[in-house]
Every structure is written in C-alpha cells, then in structure tokens.
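Trainee: Give me coordinates for this.
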Amino acid sequence: MAALQFEIQNRDPFSQARAGLIKTDHGLVETPIFMPVGTVGSVKAVTMQQMATDIKAQIMLGNTYHLYLRPGTEVLEAAGGIHHFNGWNRPVLTDSGGYQVFSLAGNRKIKEEGVVFQSHIDGSKHLFTPESVMDIQRSIGADIVMAFDECPPYPSDYGYAKKSMELTHRWLDRCINRFHATPDRYGYTQNLFPIIQGGTYKDLRKASAQFMAASGLTGCAIGGLSVGEPEALMYEFTALCCEEMPIEKPRYLMGVGTPWNILECIGLGVDMFDCVMPTRNGRNAMLFTSRGIINIDNKKWEKDFSPIDDAIQCEVSAYYSKAYLRHLMKAKEITGLTIASIHNLAFYIWLVGEARSRIAQGTFNHWKNEMIPILKTRL
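Mentor: All right, here's what the predicted structure looks like:
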C-alpha cells in the first residue's frame with residue numbers, strides 16, 4: 001500500500017496546462033481527467049462494464065451523503081467496500097456531502113459541531129461532523145476522500161463568506177486529526193484532499209488556498225464555484241487558487257462543468273473534474289459532440305442516419321445513428337437514455353484525452369482556442 005502519487009509528465013508552453021499521472025492502489029489515472037458522477041455508487045443509466053469498455057473512464061465519483069443514507073455503511077462494510085459492492089475495480093473519489101448540505105438549505109442547520117440535516121428519503125434527522133464524515137468515507141472505501149466543508153451560496157456577502165471559510169478551515173483540522181487517527185480500510189491506501197472555499201473574494205480565496213496548501217495532504221480541491229456565478233468569475237477564481245496550490249500535487253475543480261469550462265480550466269492548471277452535466281443533459285436529449293451541441297429531439301435529426309459522433313473513440317457513438325437515438329427518445333425507450341449517457345460521458349473522456357495529447361505536443365492552447373467556439377455551436 002502506498003499513498004497517492006502524482007507525476008507531471010508534460011506542460012503546455014503557452015498556458016498553465018499540464019498532463020500528469022496519478023497513482024493509486026486501484027490503478028493509474030491520466031490527467032487531465034473527467035470523473036463520471038456515480039452519486040449512489042452508480043452512474044445513471046450506465047453499467048460498470050460500460051463505464052470501463054465504452055466510456056473508458058479511469059475513476060468515478062460517489063457521494064457520501066447519498067451512500068450514507070442508502071444503502072448505508074453497514075451494507076457497504078459487509079460487501080467489503082464500494083469496489084466490491086458495485087463491481088468498479090478502478091479508483092473511486094467520494095465527495096464529503098458538503099455540497100449536498102449546501103443544496104438542502106431549507107432542511108439543515110449548520111453549527112460548529114457539524115450539520116444537522118433531514119434525509120430527502122424519509123425526513124429523518126442526521127448529524128454530519130468532520131469526524132463522522134471521515135469515518136463514513138473510510139467505510140465506503142474510496143481511494144480519495146474529501147474533507148467536510150461548507151459551500152456558501154452565490155452571492156454571499158463578505159462577512160458570511162469569511163465566517164464560512166473559517167469554519168471550513170476548523171473542520172479541516174478536525175478531518176485531518178480523525179483521518180490520521182483511523183486506519184485505511186479494506187487493504188488499500190485512502191487519501192484525503194482538502195477543499196478551498198472563500199466565495200468570490202480574492203483575499204479569502206488566497207488565504208484559503210494557502211491554508212489548504214499548508215495542510216500537507218496528497219492533493220487539493222477548489223470548491224464553491226459553478227454555483228451560479230458568471231463564467232468569468234469562475235475562471236478568475238480558479239486561476240487565483242491554482243496560483244497558490246502546490247505545483248506537484250493534483251488539483252481538482254469540483255462540479256465543473258461544460259466542455260468549454262473544462263478546456264479553459266485545464267489551461268489554468270486544473271487536473272481533475274466532475275459534473276452531472278453529461279448524464280443529466282443526455283437524459284434530456286442534449287448531446288455534446290466534437291462538432292457542437294445537438295438537441296436530438298429536433299425534427300432535423302429524424303432521417304439523419306449518420307453516427308452520433310464517429311470522431312470519438314466510443315463504439316456506441318460510432319454505431320448508433322442520430323435518427324435511431326431520436327426515435328428512442330421520442331418513444332421514451334430507456335435504451336435511449338443509456339445511449340445518450342454513454343455517448344456524452346465518452347465524449348467528455350475523449351475531450352480530456354485530446355487535451356492531454358495536445359499538452360504533450362505543446363499545441364494545447366492553440367487547439368483549445370479553436371475548439372471552444374466549435375463546442376459551443378448549436379447544430
């Protein structure tokens with residue numbers, strides 16, 4: 001067993017983009033990387049076999065809040081951890097539940113000890129503390145576990161953002177103490193990442209990034225962005241955080257985003273991404289492709305028998321036609337949701353893979369600037 005290792009293999013000469021390799025006990029992750037979101041231990045409408053073979057995912061994300069409520073840690077422990085439970089034998093990262101607490105604004109109470117919240121399933125009350133969230137993530141069995149944080153809404157006034165950041169910092173100290181006081185589970189190393197907060201205030205973000213960098217943990221995440229702020233602000237604060245984060249450790253931008261968001265933020269120095277957008281939008285007939293965005297519901301695709309996108313390395317995208325997928329969506333056939341979800345995720349994985357190749361070639365920045373207008377085009 002070895003702690004997570006990160007090696008930077010290439011840098012783009014005209015941006016902050018870098019291509020690297022994360023080493024975990026469940027395998028390697030080539031960065032930049034996109035992590036499909038498997039909130040309850042499952043990516044919606046997609047099997048683990050499809051994740052590995054069609055999508056070619058290298059790491060997936062699970063959520064502590066949801067897995068704690070259902071199936072619960074007792075079941076996960078009896079299974080031998082999330083990898084044995086869901087059959088995914090590659091790395092897993094778990095979000096600590098801080099964002100879910102943020103999204104449950106009407107059903108939670110934040111205090112120094114932790115957060116009291118009501119289950120969205122049955123209304124029962126629960127308490128998350130930094131200590132319990134570490135224990136839960138240990139039980140889930142993630143390779144990378146996230147510190148418990150408070151995610152302030154946008155906009156937040158300065159006083160609230162500062163108070164929230166300071167609480168997140170105190171919680172991180174407690175997370176670290178608990179994490180170091182408890183053993184790894186299931187025979188492999190688990191790694192803790194802190195989360196930078198501070199709203200959209202430069203001094204707070206800089207202070208938080210420096211605090212997290214000083215924690216000495218194996219990676220670092222940027223939280224509290226992509227919560228409603230303009231794109232320009234997201235890029236500004238991502239860049240600010242990256243300037244303060246350790247160069248030699250992986251950087252994770254949480255919950256971001258569109259294909260063009262991801263390319264821009266790779267250019268700012270981010271290595272890891274996750275977002276529900278590819279699967280959620282796919283289930284609602286929006287396809288991301290190498291030529292632009294398709295609303296597959298539109299009649300213009302009714303007799304288009306060309307592949308969904310034969311430019312990406314996915315058999316599903318190259319095999320099924322736009323007309324057939326449109327038919328499945330119109331007929332409300334479940335298979336349509338699966339095809340759309342697999343395609344969108346495979347596209348995201350292809351996109352970060354292309355970015356990685358361009359970084360190695362030294363052409364990333366030029367390619368990014370050419371690709372972004374294409375990716376935004378409505379076909």
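Trainee: what is D95 paired to in the beta sheet?
Mentor: Listed beta-bridge partners, D95: N63 (assigned using DSSP bridges).
Trainee: contacting residues around it?
Mentor: Contact analysis of D95 by Cβ atoms under 8 Å, 6 or more residues apart in numbering lists 61-65, 146, 254, 274. (Each C-beta comes from the backbone N, C-alpha and C, glycine too.)
Trainee: Distance check, N281 against L287.
Mentor: With distances taken as Cβ to Cβ, to the nearest Å, N281 is found 8 Å from L287.
Trainee: Pull the distance from stretch 132-146 to the chain's centre.
Mentor: Between the centre of stretch 132-146 and the centre of its chain there are 16 Å (Cα atoms, centre = their mean, to the nearest Å).
Trainee: what do N281 and L287 both touch?
Mentor: N344.
Trainee: Which residue of the two possesses the greater neighbour count?
Mentor: Between N281 and L287, L287 has the larger neighbour count (other Cβ atoms under 10 Å), namely 24 against 19.
Trainee: residue contacts, that one?
Mentor: Counting by Cβ under 8 Å, 6+ apart, L287 makes contact with 281, 293-296, 308-309, 325, 340, 343-344, 347.
Trainee: Most neighbours of all the contacts of D95, which one?
Mentor: M146 (29 neighbours).
Trainee: so it touches N191, yeah?
Mentor: No: between M146 and N191 there is no contact under Cβ atoms under 8 Å: 10.1 Å.
Trainee: coming back round to it: adding pLDDT, write the contacts of L287 out as TSV.
Mentor: Shown next, in TSV, are those (pLDDT from 0 to 100):
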residue	pLDDT
N281	98
I293	98
I294	98
N295	98
I296	98
I308	98
D309	98
L325	98
A340	98
H343	98
N344	98
F347	98
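Trainee: right, and out of these, which lies closest to I334?
Mentor: Closest approach to I334 among these (Cβ to Cβ): A340, at 10.9 Å.
Trainee: Quick check: that closest one touching P278?
Mentor: No: the pair A340 / P278 is not scored as a contact, 9.2 Å apart, by Cβ under 8 Å.
Trainee: Kindly provide the distance from M35 to G336.
Mentor: M35 sits 24 Å away from G336, going by Cβ to Cβ.
Trainee: Tell me the one among the contacts of D95 nearest to L233.
Mentor: Among the contacts of D95, and counting by Cβ to Cβ, the member closest to L233 is M254, at 15.6 Å.
Trainee: Just want the phi and psi numbers for that closest one.
Mentor: With angles defined as degrees, to the nearest 10, M254 sits at phi -80, psi 130.
Trainee: and if you look at D54?
Mentor: Here D54 shows phi and psi, under degrees, to the nearest 10, equal to phi -80, psi -50.
Trainee: likewise the one 4 residues further on?
Mentor: Taking degrees, to the nearest 10, you get phi -110, psi -20 for the backbone angles of Q58.
Trainee: if I pick it, what's in contact with it?
Mentor: Taking Cβ under 8 Å, 6+ apart as the test, what Q58 contacts is 27-30, 33, 90-91.
Trainee: helix, strand or coil for A19?
Mentor: Counting by DSSP: H, G, I helix; E, B strand; the rest coil, the backbone at A19 sits in strand.
Trainee: got a list of what it touches?
Mentor: By Cβ under 8 Å, 6+ apart, the neighbours of A19 are 8-11, 30-32, 355-356, 359-360.
Trainee: Mind doing that once more with 6 Å?
Mentor: Residues near A19 by Cβ atoms under 6 Å, 6 or more residues apart in numbering: 9-10, 356, 359-360.
Trainee: Tell me the bridge partners for it.
Mentor: As for beta bridges, A19 partners with N10 under DSSP bridges.
Trainee: Give me the distance between it and E354.
Mentor: Using Cβ to Cβ, A19 is found at 11 Å from E354.
Trainee: Y65 too?
Mentor: According to Cβ to Cβ, Y65 and E354 sit 33 Å apart.
Trainee: likewise E112?
Mentor: 46 Å.
Trainee: Next: R108.
Mentor: Taking Cβ to Cβ as the measure, R108 falls 40 Å from E354.
Trainee: domains of the chain?
Mentor: Listed by automatic domain parsing, the domain ranges of the chain are 34-244, 282-376.
Trainee: Great, nothing more from me.
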